[in-house]
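# take this sequence and fold it.
(3 chains)
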Amino acid sequence: MDVFLQTLVAGVLKGGLYALIGIGMTLIMGVMGIINLTHGQLMMLAMYVTYVLNTMGVDPYISLFVAMPLLFLLGVAIQKYLLNPLIKADTILPENQVLMTVGIGMVLTEIVRFKFTSDYKYITTTYSNQTFFLGEISFSMALVIAFGIALAFTAAMFWFLIKTDLGRSIRATAQDKDAATLMGVNTGRITVITFGLGAGLVAAAGCLLAPVYYIFPDLGGPFTAKAFIITILGGLGSTVGAIFGGVTLGLAESMGATYFGMEYEDIIGLTIFVLVLLFLPGGFKRLTKV
Amino acid sequence: MSYFMVEKLVKYFGGLAAVNGVSFEVQKGEIFGLIGPNGSGKTTTFNMISGYHRPTSGRVLFKGREVHRLPTHKICHLGIGRTFQVVKPLGRMTVLDNVIAAAYSRVGTHHKAREEALKAIDFCGLMPVRDVLAKALPIAGRKRLEITRAMATRPELLLLDETAAGLNPSELLSAIDLIQKIRANGTTIIIIEHIMHVIMTISDRIHAINFGQTIAEGTPKEVAANQAVIEAYLGTDYA
Amino acid sequence: MKKNLLPLAVVALIAALPLVLKDNYYLHLMILFLMWVVIGSAWNLIAGYTGQVSFGDAAFFGCGAYTAGLLATHLGVSTWWGLALGGFTAIAVGLPFGWICFRMRGAYFALATLALNEVLRHVATIAEKFTGGMVGILIMPSFMSKVPYYYIALAMAVASLASLQWVVRSKPGYYFVSIREDQDAAESLGIDTHLYKMLSLAYAAFWTGIAGALYMNYMGFIDPHVVFNLHDISIMAILVGIVGGVGTVYGPAVGAFVMVTVQEMFRSGFFGLFKWLGDVSGSASLVKVAEVLTQAHVLGFGILVVLVILVLPNGIVGDWGKIKRGVFRIKPAS
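Down below sits the predicted model:
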């Protein structure tokens, strides 16, 4: 029972971070209608920002305030100069934008590899290995803090989307781009801001993950995969779904690691992906709609 | 047994009834008009007949056979063709290729498909633009391509969804000509149309719906004089 | 008939090449080029013609390669059996996936193929007893010379292009393009879109699987990271298709040539140009440039992806008019 509870706790804590990754992805998915296959690479970049700042003595949680704006700007630039120009081009494949994100991801990974080599980097903080106990269950200090901050960001994101004009414009664009344009929403600007926000959110996840994870250039790919599994799980474009998707994936991964063995951790996510495609096409979003 | 029959057709989207108990029968060889204000459920009815939507309840019978559970492509093979209100040209294919793709539903070889397609193109008067890319056609040409393509699938029953909308007066006249030519050819037609004088001129009988429900049916004259129809179109003040 | 003259001439030229070209290095590049013609054309059919973009061609490639390798290690038969069976294994793996994904529209298929490849890579890694895991499969090549492989690859490339040309000019070809252009319209014209998407997938999986089997035979070594590789196989396949021209018969052949050349150019530091310059001039900085270039070949590849999509979204064949105008500054006659 303790093992189970322990696994459950670990899964939920991880799920909080995954939700943050998923929300960024699903925002981009909803507004642009494309899968951002460089999502994990953006997170990797944020982790390296955290790492560099850490070597200068900056705490990872402080570097949030550097990494997020930086990645926001990078996201804005990517959307503005690399993705938006593609919309105008008359091409046979609408997936050109998706492919572009793959290319961007490769460039980011290789630039980082060039600068930092493929070696694993660690950030050690006083709380990296600290744990506390509630009964028999141990909690990793860093993960608990990360979970708390992730929750705060998620809540802030919801407030932003529901209460602010900009947030409403984003939701309107996600629902119907043409109608939003007719209503006077500058959808070009909205896509740029959305990609920036998505990048910023995943950057936050990167900073929070940095103290408890090892950092290397190729971690982008697996996390991109996680991000799209979360998005598919939650239903493409659904923000609430992304939270459920994130927690589900976190739980499933830690259950898989505990009961099947570490090497199965990655397969679990993919298995879920296939099962969702089979039995719940449309993801959790489907359950809430008729 | 009537030729074509729609029986108590109901379609809910979420909690909203788009079509709520519509029934009508169409005789072989007639032009049957379907009218109603925007959002009254006309296109949804077409979508159910042609298999794009499954009815929530009710039946569609074509020559005595239930067709409402069949996929769209099977319905086409049974002999029900359709056009789209929002035209769907196969943009990066030429007009001829658009129609050849349609003709393949009836013939197997490229040679025959081409022959069949050229016949349909000639019949509908698109010969001059047959090598033009579909996306380069003006709206009248696209509307006509819709009909040409549907004709190449050799339909017995043709569903025309607002083929006259957006046409100028001379294009309108030639569209009416074409529809009558298709009927003279032995094809039964159900037509949705907003332009009243078009539908009043060509229909043998008209079925009017509003809010997904039948409000009147009869000859064009009867329907035009019907109180409920006038109210639906002009509001109660004018009735 | 006159239209077919140029391709025939090119094939004759390529067939005659080994008579003059004795350098194994260039023969190797040509074999890779011919293999990529097969893969690129297969990708082009499903993505360029049918409009269902696959991001996981490596899954089919790997299936074919592992079929050949596993037949040899487990049954002791020749790896060449893989050439006959590899395509069918790829179909067997691909179709159930397609059957699920093609019911849904949008990005599902692209994502699912991506996931399929990941699953297969993990499976091939974990099932050590069966596949050899990370160690991979090593076989003795059948021929010492590269020339037999060269002609086998050429025959495959020609066969795949001929079959593609035949397919796109017949009923399925019209149906594929109709589905790409408008799925609703296609259904209304009596096209079973689900069935035809599956057919298109089967075709692509088949040829990609065969190419994988050829790779096993030719290279003599595979492991999960080599054949189930997102960048080197899946993305490369997409690039071959896009650079040449999506939805054109000969585009991927042009794309394969360009991409194999460019990739090798990056990998070898512009065919050793900088190193040679450095050695000749004795300049240490030029030698350094050569080293950096070689190290950064994946970066160059990534930048290429970005540039190709920005500048030539319809490829060399598809954007030929645009290229001509750009190069010769001819104003469009309109």
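# near chain B, which residues of chain C?
Within chain C, the positions near chain B by Cβ under 8 Å from any Cβ of the partner chain are C:169-171, C:174-175, C:177-178, C:181-182, C:184-193, C:247. Bear in mind the C-beta positions are built from the backbone N, C-alpha and C, glycine included.
# intersect those with the contacts of chain A.
C:Gly247.
# mind checking which of the residues of chain C next to chain B are buried?
C:171, C:174-175, C:177-178, C:181-182, C:185-193, C:247 (16 or more other Cβ atoms under 10 Å in any protein chain shown).
# in chain B, what spans have low per-residue confidence?
B:1, B:236-239 (pLDDT under 70).
# helices of that one, start to end?
Secondary structure of chain B (DSSP state H): helices at B:42-49, B:72-78, B:95-103, B:110-124, B:139-152, B:169-184, B:196-202, B:220-225, B:227-234.
# winner for burial among those helices?
Of all the helices of chain B, helix B:95-103 has the most neighbours on average by mean count of other Cβ atoms under 10 Å in any protein chain shown, namely a mean of 28.
# report the contact partners of B:Phe211.
Each residue near B:Phe211 by Cβ atoms under 8 Å, 6 or more residues apart in numbering or on different chains is listed here: B:20, B:40-41.
# how near is the residue in the stretch 101-250 of chain C positioned nearest to chain B to B:Lys74?
Scanning the stretch 101-250 of chain C for the residue nearest chain B gives C:Gly190, at 3.3 Å (criterion: Cβ to the nearest Cβ). Using Cβ to Cβ, to the nearest Å, we find C:Gly190 at a distance of 8 Å from B:Lys74.
# likewise for C:His194?
12 Å.
# how many other residues sit next to the closest residue to B:Arg142 other than its chain neighbours?
Spatial nearest neighbour of B:Arg142, chain neighbours left out: B:Val87 (4.4 Å); criterion: Cβ to Cβ, 6 or more residues apart in numbering or on different chains. By the criterion of other Cβ atoms under 10 Å in any protein chain shown, B:Val87 has 21 neighbours.
# phi, psi for B:Val87 please.
Dihedral pair for B:Val87: phi -60, psi 140, per degrees, to the nearest 10.
# if I read this right, it contacts B:Arg144, doesn't it?
No. Under the criterion of Cβ atoms under 8 Å, B:Val87 is not in contact with B:Arg144, lying 9.7 Å apart.
# ok now do B:His4, which residues does it touch?
For the record, residue B:4 is Phe, not His. B:Phe4 touches B:25-26, B:61-63, B:157, B:188, B:190, counting by Cβ under 8 Å, 6+ apart.
# please flag which of those residues sit within strands.
Among those, the ones falling in strands (DSSP state E) are B:25-26, B:61-62, B:157, B:188, B:190.
# quick one: terminal-to-terminal distance for stretch A:106-124?
28 Å (Cα to Cα, to the nearest Å).
# cool, stretch B:6-22 as well?
7 Å.
# separation between A:Gly167 and A:Leu74?
Distance from A:Gly167 to A:Leu74, by Cβ to Cβ: 22 Å.
# ah, wrong one, I meant A:Ile149
21 Å.
# alpha carbons of stretch A:113-121, as CSV, please.
Taking Å, rounded to 0.1, in the frame of the first residue of the first chain, the C-alpha atoms of stretch A:113-121 are listed here in CSV:
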residue,chain,number,x,y,z
ARG,A,113,25.3,20.7,-28.2
PHE,A,114,27.9,22.9,-30.0
LYS,A,115,28.2,25.2,-27.0
PHE,A,116,27.8,22.7,-24.1
THR,A,117,28.6,19.3,-25.7
SER,A,118,26.4,16.3,-25.2
ASP,A,119,27.6,15.8,-21.5
TYR,A,120,25.0,15.6,-18.8
LYS,A,121,24.9,18.6,-16.6
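# C:Lys322: what's it in contact with?
C:312, C:314.
# would you map the strands across the stretch 1-150 of chain C?
C:137-138 (DSSP state E, counting those that start in this stretch).
# residue of it closest to chain B, please.
C:Gly51 (10.4 Å).
# can you report how many residues lie near the nearest residue to that residue once chain neighbours are set aside?
Nearest non-adjacent residue to C:Gly51, counting by Cβ to Cβ, 6+ apart: C:Arg180, 3.0 Å away. Look at C:Arg180: counted by other Cβ under 10 Å, it has 25 neighbours.
# cool, A:Phe4 as well?
Neighbour tally, A:Phe4, other Cβ under 10 Å: 11.
# quick check: which ranges of the stretch 151-290 of chain A have low pLDDT?
A:236-237, A:278, A:281-290.
# what are the boundaries of the helices in it?
A:165-175, A:177-182, A:187-209, A:220-234, A:239-259, A:265-279, A:285-288 (DSSP state H, counting those that start in this stretch).
# how about the ones you listed in JSON lines, adding distance to chain B and mean neighbour count?
Output for the helices of the stretch 151-290 of chain A, formatted as JSON lines (distance: least, Cβ to the nearest Cβ, whole Å; neighbours: other Cβ atoms under 10 Å in any protein chain shown):
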{"stretch": "helix A:165-175", "distance to chain B": "15", "mean neighbour count": "18"}
{"stretch": "helix A:177-182", "distance to chain B": "12", "mean neighbour count": "14"}
{"stretch": "helix A:187-209", "distance to chain B": "21", "mean neighbour count": "26"}
{"stretch": "helix A:220-234", "distance to chain B": "20", "mean neighbour count": "27"}
{"stretch": "helix A:239-259", "distance to chain B": "18", "mean neighbour count": "22"}
{"stretch": "helix A:265-279", "distance to chain B": "20", "mean neighbour count": "18"}
{"stretch": "helix A:285-288", "distance to chain B": "12", "mean neighbour count": "14"}
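# for C:Tyr66, which of those is the nearest?
C:Tyr66 lies closest to helix A:265-279 among the helices of the stretch 151-290 of chain A, at 17.3 Å (Cβ to Cβ).
# which one of the helices of the stretch 151-290 of chain A lies closest to chain C?
Here helix A:265-279 is closest among the helices of the stretch 151-290 of chain A (Cβ to the nearest Cβ), at 4.8 Å.
# what residues does chain B have near chain C?
Looking at chain C, the residues of chain B close enough under Cβ under 8 Å from any Cβ are B:50-52, B:71-73, B:76-77, B:81-82, B:84, B:88-93, B:97, B:100-102, B:104-105, B:108, B:110, B:113, B:149-150, B:152-153.
# ok, 6 Å please
Contacts of chain B with chain C, taken as Cβ under 6 Å from any Cβ of the partner chain, map to B:72-73, B:76-77, B:82, B:88, B:90-91, B:100-102, B:104-105, B:153.
# so can I have a markdown table of these showing distance to A:Ala257?
Below are the residues of chain B next to chain C laid out as a markdown table (distance: Cβ to Cβ, whole Å):
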| residue | distance to A:Ala257 |
| --- | --- |
| B:Thr72 | 46 |
| B:His73 | 46 |
| B:Cys76 | 51 |
| B:His77 | 52 |
| B:Arg82 | 54 |
| B:Lys88 | 49 |
| B:Leu90 | 50 |
| B:Gly91 | 49 |
| B:Ile100 | 56 |
| B:Ala101 | 51 |
| B:Ala102 | 55 |
| B:Tyr104 | 53 |
| B:Ser105 | 53 |
| B:Thr153 | 56 |
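# farthest pair within those residues?
Largest pairwise distance in the residues of chain B next to chain C, by Cβ to Cβ, is 24.7 Å, between B:His77 and B:Gly91.
# find the nearest non-adjacent residue to A:Ala199, please.
That would be A:Gly75: by Cβ to Cβ, 6+ apart, it lies 2.9 Å from A:Ala199.
# pLDDT score for the one you found?
Looking at A:Gly75, its pLDDT is 94.
# that one: neighbouring residues, count only.
A:Gly75 has 28 nearby residues by other Cβ under 10 Å.
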